[in-house]
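*Asks:* build me a model from this:
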Amino acid sequence: MERIPVFILVILYFISTEVACNGYTHINNNVQSERRALIDFKSGLTDPNNRLSSWKGNNYCYWHGIGCENGTGFVVSINLRNPYPIENDIPYPPENEYGNQIYCHAPNFGNLIYLNLSHCGFIGEIPSNLGNLSNLQYLDFSSKYTYHNDFGYSSDLFIKNIEWMTSLVSLKHLSANNVNFSMVGSQWIEVLNKLPMLIELHLDDCSLFGSIPSPSFVNFTSLSVIVISSNEFNSTFPEWLLNVSSLVSIDMSLNILHGRIPLGLGELPNLQHLDLYGNYLEGSISQLLRKSWKKIEFLNLCENDLHGSIPSSIGNFCNLQYLDLNNNNLNGSLPEIIYGTETCNSKSPLPNLRALYLFGNQLMGKLSNWLGELKNLEQLDLSHNQLQGSIPNLIGNLSNLHSLNLRNNQLSGTLTEQHFWKLSNLEYLYIDSNSFRLDVSSNWTPPFQLRYLFMGSCHIGPTFPAWLQSQKDLQYLDLSNASISSSIPNWFWNISSNLEYLILSHNQLQGKLPNSNIGEFLPNLYFLSFSGNGITGTIPDSIGHLTSLGVIDFSSNTLTGSIPSTINNCFSLNVLDLGNNNLSGMIPKSLDQLQQLKSLHLNHNKLSGELPSSLRNLTGLDILDLSYNNLSGQIPAWIGTAFPNLVILNLRSNMFSGRLPSLLSNLSSLHVLDLAQNNLMGEIPVTLVELKAMDQDHNMSISSLYDNRSSYRYEERLIVITKGLTLEYTRTLSLVVSIDLSDNNLSGEFPEGITKLFGLMLLNLSMNHIIGRIPESISKLRQLSSLDLSSNKLFGSIPSSMSLLSSLGYLNLLNNNFSDKIPFIGQMSTFTESAFAGNPNLCGAPLVKKCQDEGKDKSVEDKIDSGFVDQWFYLSIGLGFAVGILVPYFV
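*Replies:* Numbering: from 1, shown residues only. This is a model prediction of the structure:
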């Protein structure tokens, strides 16, 4: 439900203003006055969820959210915190709906000790009249709403001045999360320092910025909890906090804190919770963890700049439940043994540890046996390190383990049933991108029920793992590159109705895809990849029943037959990759139903016919790769207007004919244009200079290829012919800017406008009938790394400006009609004779053929040099003579 914009001011005046009207002060009949005020308060609300339905009758002490003092009936507690999701927030009326009369009738809740109006959808300024509530002990006006504008994140609630808070001398708890404090400046700390009773302070995401000031004197004698996370503090850690011995919890995560983490934090006697996640703090983890940390339970230092190795003294942390050190610069190996277990009552290492996160560091060495003795461990993440060796068998003893992540290391060895035998609570297993070999019996039934299973690059085969039959809760399954060479058993398709991601790519799977209605068994399947296998037969019509699919990747198999028209029922499809198969027939016209499609790969098949005009309806395409087929007809002009987001257009090695449409210049996002090996004719359109994405003089990231759009682990790839080699680009594809029009029947002069495409890296116009000269302006292509103009009819001198192409690593000018001396200087001096062969009128290095006037030029140069020396000699004599005469005259 849309929220009605309102200011909080009116509502809070009901509660906080001490009112005097016409000189009369309302002291008597406070009970009736408070009831009347609550009724008026309700009448100013819109209550779509009927949360205030109990607000009727005389006994307001029983109304929802109202608490009264026994005996007197005075309101001591108002709790209208919204417990519902954002769409159910209570909307409030605008501030000026009642005018000033509302203030005259507002009572004074002078006995109020608890006020909670959090997440209710108020907007506007927090009024200073709250300072009248001198008995208030608990105040929470946190906002649920933060939104992004041109200046960053902002909030519906804001505060300009907080001096009034100094009057809240009884306040113990203050929460103002998501309230905009940016206008307060640095005075917030001095004001709050004057509240001697304050125990908890929560200012998360309040737009506070700058340094964290040090109060003139530290008066936080009772402060137990301080939360100032998700702000913009650009400061060192406030060391004055080390003097607040009462601190139990500190949260300064997601700021811009820098400098060293004070070692004194480890000596705070009551500290249980420390969260410094997401800053730029430095320090030695070995020194930090050698401090006492007597009561620490939660320690989050992830995503900082800590270094060093984890000390063996970590065993002293008897109360530690959560340790997160991920994404730092930790190195060395895990301690082989840990000390201090004798200080813990259980005499076991880290007896209370439930979560250990060390991923994204530079840890090396082997996994330690003590990891298998963490009897209460639920989460273990050591992924993205450089760990080696095998997994200790003791890991199988972690009966409480819920998630195990060891992916992207250099681990190896054999995994047996013993590694899993007590992992009955395991739901998430990530061991991909290692070199494990799974050795379990054919009738093994695992003790766990997994939701996520990632075993890519593990040796699981050769047979399909029968133990998967027992996993009925699977949502994500990745068995890619797992050395499986059997067919897919029939039972597999009914493995789990919850399955969303299925990746079996890069194995040697055999057989056919099922003709049964797999959509009935896998209704939630979103990602389906069988790429790089040996699957045969046709694509079944039943593929159209998987209506939730976002990615289909059947590339690099031996599929035959035509593309089924039923695939148009996959309305959510983002990626369709059927490349590198033996598919035949025409491209279905019905593909235009796939309105969400961004990437279409039908390359390396036997498709024929013309491009169906219905494809123009796929306006969201980023990538269109139809290369290496038997497609014919003209390249339709509508390609230039239908795909405003197209980044890659690859129609290479087909039978397209006719002229290049000039409207291709409208593809303002295009980075790769490959129309090589067709039968195109005519001149290269001068409008190509308007390819805006290629006219940048720096490499641009193609965000549309890597925006994590539903394609989770789908990796875009493209074959590019460059430097005389066939290269496959994947992760660096976003850096490629290329035009390849080679091996056609194009004619006309070299298109000088191409030299204005300053971002161009690869240019291939070889094997055409292009005439004319290479323009001097080609030196503007400073990003150019490969240039192939071979087998054309170009003539004239090779421009000396080409020596300025410092990025040029490959040059092919053979079989043209170039003449005169090769400008063998600068970058041009790095190329051998093979780059210039087949041009009989060229001469000079690196060719053996010398230019006719090469000796003559040398003698002329010698004469010029000699004459220059003689002229300078006589000029110097003349100047000396003149100085000898004139200097005495001026003196």
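*Asks:* and the helices in the stretch 601-750 of the chain?
*Replies:* For the stretch 601-750 of the chain, the helices defined by DSSP state H, counting those that start in this stretch occupy 639-642.
*Asks:* which residues in it form strands?
*Replies:* Taking DSSP state E, counting those that start in this stretch as the test, the strands found in the stretch 601-750 of the chain are 606-609, 623-625, 630-634, 648-650, 655-659, 672-674, 679-683, 718-722, 725-729, 738-740, 745-747.
*Asks:* wait, which of the ones you listed is closest to residue 237?
*Replies:* Proximity to residue 237 (C-beta to C-beta) singles out strand 725-729 among the strands of the stretch 601-750 of the chain, at 44.4 Å. Heads up, the C-betas are built off the backbone N, CA and C, glycines and all.
*Asks:* for the strands of the stretch 601-750 of the chain, give me CSV that also has mean pLDDT.
*Replies:* Shown next, in CSV, are those (pLDDT from 0 to 100):
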stretch, mean pLDDT
strand 606-609, 98
strand 623-625, 96
strand 630-634, 97
strand 648-650, 96
strand 655-659, 97
strand 672-674, 95
strand 679-683, 97
strand 718-722, 78
strand 725-729, 78
strand 738-740, 95
strand 745-747, 97
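*Asks:* just put those strands in TSV and tack on mean neighbour count and distance to residue 120.
*Replies:* Formatted as TSV, the strands of the stretch 601-750 of the chain follow (neighbours: other C-beta atoms under 10 Å; distance: least, C-beta to C-beta, whole Å):
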stretch	mean neighbour count	distance to residue 120
strand 606-609	16	60
strand 623-625	25	47
strand 630-634	16	61
strand 648-650	24	50
strand 655-659	16	63
strand 672-674	24	53
strand 679-683	15	66
strand 718-722	21	53
strand 725-729	11	53
strand 738-740	24	56
strand 745-747	17	68
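*Asks:* want to throw those strands into JSON lines with distance to residue 787?
*Replies:* Listed next are those as JSON lines, based on distance: least, C-beta to C-beta, whole Å:
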{"stretch": "strand 606-609", "distance to residue 787": "32"}
{"stretch": "strand 623-625", "distance to residue 787": "24"}
{"stretch": "strand 630-634", "distance to residue 787": "28"}
{"stretch": "strand 648-650", "distance to residue 787": "20"}
{"stretch": "strand 655-659", "distance to residue 787": "24"}
{"stretch": "strand 672-674", "distance to residue 787": "16"}
{"stretch": "strand 679-683", "distance to residue 787": "20"}
{"stretch": "strand 718-722", "distance to residue 787": "10"}
{"stretch": "strand 725-729", "distance to residue 787": "15"}
{"stretch": "strand 738-740", "distance to residue 787": "11"}
{"stretch": "strand 745-747", "distance to residue 787": "16"}
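*Asks:* who wins for proximity to residue 243 among those?
*Replies:* Per C-beta to C-beta, nearest to residue 243 of these: strand 725-729, 57.3 Å.
*Asks:* and that closest one, what does it pack onto?
*Replies:* Helices and strands touching strand 725-729, by 3 or more C-beta pairs under 8 Å, 6 or more residues apart in numbering; DSSP states H and E, are strand 718-722.
*Asks:* ok, back up a step: among the strands of the stretch 601-750 of the chain, which is nearest residue 694?
*Replies:* Evaluated with C-beta to C-beta, the strands of the stretch 601-750 of the chain place strand 738-740 nearest to residue 694, the distance being 7.6 Å.
*Asks:* would you pull up how far the closest one lies from the middle of the chain?
*Replies:* 29 Å (C-alpha atoms, centre = their mean, to the nearest Å).
*Asks:* residues touching the residue lying closest to residue 421 once chain neighbours are set aside, list them.
*Replies:* Take residue 421 and drop its neighbours on the chain: the residue closest to it by C-beta to C-beta, 6 or more residues apart in numbering is residue 396, 4.8 Å away. Applying C-beta atoms under 8 Å, 6 or more residues apart in numbering to residue 396 gives the contacts 372, 418-423.
*Asks:* out of these, grab the one that's most surrounded.
*Replies:* residue 419 (24 neighbours; other C-beta atoms under 10 Å).
*Asks:* hmm, back to that, of the strands of the stretch 601-750 of the chain, which is nearest residue 202?
*Replies:* strand 623-625 (47.1 Å).
*Asks:* which of the three states applies to the residue nearest to residue 421?
*Replies:* Of the three states, residue 396 takes helix under DSSP: H, G, I helix; E, B strand; the rest coil.
*Asks:* the contacts of residue 396 in helices, which ones?
*Replies:* In helices, defined here by DSSP state H, there are no members of the contacts of residue 396.
*Asks:* out of those, who's nearest residue 129?
*Replies:* Nearest to residue 129, judged by C-beta to C-beta, of the contacts of residue 396 is residue 423 at 58.8 Å.
*Asks:* which residues sit in contact with the closest one?
*Replies:* Residue 423 neighbours (C-beta under 8 Å, 6+ apart): 396, 398-399, 401, 404, 446-448.
*Asks:* for it, grab phi and psi.
*Replies:* phi -80, psi 60 (degrees, to the nearest 10).
*Asks:* quick one: it and residue 408, what's the gap?
*Replies:* 21 Å (C-beta to C-beta, to the nearest Å).
*Asks:* what of residue 426?
*Replies:* Distance from residue 426 to residue 408, by C-beta to C-beta: 19 Å.
*Asks:* higher neighbour count, these two?
*Replies:* Legend: neighbour count by other C-beta under 10 Å for residue 426 and residue 408, higher for residue 426 (23 against 20).
*Asks:* show me what contacts that one?
*Replies:* 401-404, 420, 447-448, 450.
*Asks:* quick check: it vs residue 445, distance?
*Replies:* Relative to residue 445, and taking C-beta to C-beta, residue 426 is found at 14 Å.
*Asks:* residue 753 is in contact with residue 694, isn't it?
*Replies:* No: with contact defined as C-beta atoms under 8 Å, residue 753 does not count as touching residue 694 (11.2 Å).
*Asks:* neighbour count winner among those two?
*Replies:* residue 694 (26 against 18).
*Asks:* what about the closest residue to the more buried one other than its chain neighbours, neighbour count?
*Replies:* Of all residues not flanking residue 694 in the chain, residue 757 sits nearest, at 4.1 Å (C-beta to C-beta, 6+ apart). Neighbourhood size, residue 757 [other C-beta under 10 Å]: 25.
*Asks:* what segments of the stretch 51-200 of the chain are helices?
*Replies:* Using DSSP H, counting those that start in this stretch, helices in the stretch 51-200 of the chain cover 101-104, 188-192.
*Asks:* mind showing which ranges of the stretch 151-300 of the chain have poor pLDDT?
*Replies:* 151-155 (pLDDT under 70).
*Asks:* next up, the contacts around residue 514.
*Replies:* 490, 493, 540, 542.
*Asks:* that one and residue 641: what is the separation?
*Replies:* In terms of C-beta to C-beta, residue 514 sits 41 Å off from residue 641.
*Asks:* residue 291 contacts residue 271, correct?
*Replies:* No: between residue 291 and residue 271 there is no contact under C-beta under 8 Å: 10.4 Å.
*Asks:* which residues of the stretch 351-500 of the chain fall in strands?
*Replies:* Under DSSP E, counting those that start in this stretch, the stretch 351-500 of the chain gives strands at 355-357, 379-381, 388-389, 403-405, 410-415, 428-430, 435-438, 452-454, 476-478.
*Asks:* out of the ones you listed, which gets nearest to residue 525?
*Replies:* strand 476-478 (10.4 Å).
*Asks:* quick check: buried residues in the closest one?
*Replies:* Neighbour-count burial for strand 476-478 flags 476-478 (criterion: 16 or more other C-beta atoms under 10 Å).
*Asks:* what of stretch 484-491?
*Replies:* Under 16+ other C-beta under 10 Å, the buried positions of stretch 484-491 are 484, 488.
*Asks:* now do the same end-to-end measure for that stretch.
*Replies:* 16 Å (C-alpha to C-alpha, to the nearest Å).
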